[in-house]
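**Q** Test case, fold it:
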Amino acid sequence: MADPEPGWPAAFRSVAAALRRALGLWALRIDHIGSTSIPDLAAKPIVDVQITTQNPADLDAAEHPALGELEAVGFVLMVDNDDRRKRFLLLRDSARGWPDTNLHVRRDGCVSQQQALLLRDYLRSSESARTRYEQDKRRLSRCDWPSVDDYANAKGDVVWALLREADVWSWSGWEPGPSDL
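**A** As a prediction, the model looks like this:
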């Protein structure tokens, strides 16, 4: 767990700009999500990017141009990803000086695409929610987890509690704003 890093938004913008150039209009939105997108929140130093598209399953076809473009940027498709709501790609040890990046490619309007944006915006707006989330993440980061999935499952309780709060918060008229890029 790293203390908040003011450079995370700039790192996102650098990666996102390359993604926009590579993917054009196939990417309907490119958003900074996850803990590094929340000012003043400690996080693992991995930038999470969500690409919203009409059909993430396009990436299942090795010959699809979007997959080739993502690979040219340096991303690797995780074909063993069990979560079929999204396609998941990783960028590690970039020669371009970019941070490690997780890329979540989701269908426009699906629940998980909306939840990622809602939780991000709620945590940006609520200091008390952000504090509770950070305390739980710090506690969990001190544990020895067999895998990243085990860690993610362990923080599920706090994430779902925050999403319930965020849902109520959204009744005042929240909707996804423009893409971060």
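**Q** in the one helix or strand in the chain whose mean pLDDT sits lowest, what counts as buried?
**A** Taking mean pLDDT, DSSP states H and E as the measure, helix 148-154 is the helix or strand of the chain with the lowest mean score, a mean of 85. Under the neighbour-count criterion of 16 or more other Cβ atoms under 10 Å, helix 148-154 has residue 151 buried. Where you see a C-beta, it was placed from the backbone N, CA and C, and this is true even at glycine.
**Q** Residue 132: neighbouring residues, count only.
**A** 16 (other Cβ atoms under 10 Å).
**Q** ok, now which ones touch it?
**A** Residues counted as contacts of residue 132 (Cβ atoms under 8 Å, 6 or more residues apart in numbering) are 158, 162.
**Q** What of residue 31?
**A** 37, 49-50, 52, 116-117, 120, 179-181.
**Q** which SS state does it fall under?
**A** strand (DSSP: H, G, I helix; E, B strand; the rest coil).
**Q** Around residue 56, count how many other residues there are.
**A** 22.
**Q** my bad, residue 173
**A** Neighbours of residue 173 (other Cβ under 10 Å): 5.
**Q** Enumerate every residue touching it.
**A** Going by Cβ under 8 Å, 6+ apart, the list of residues near residue 173 is empty.
**Q** do the same with residue 36
**A** So residue 36 contacts 5, 8, 11-12, 43, 45-48 (Cβ under 8 Å, 6+ apart).
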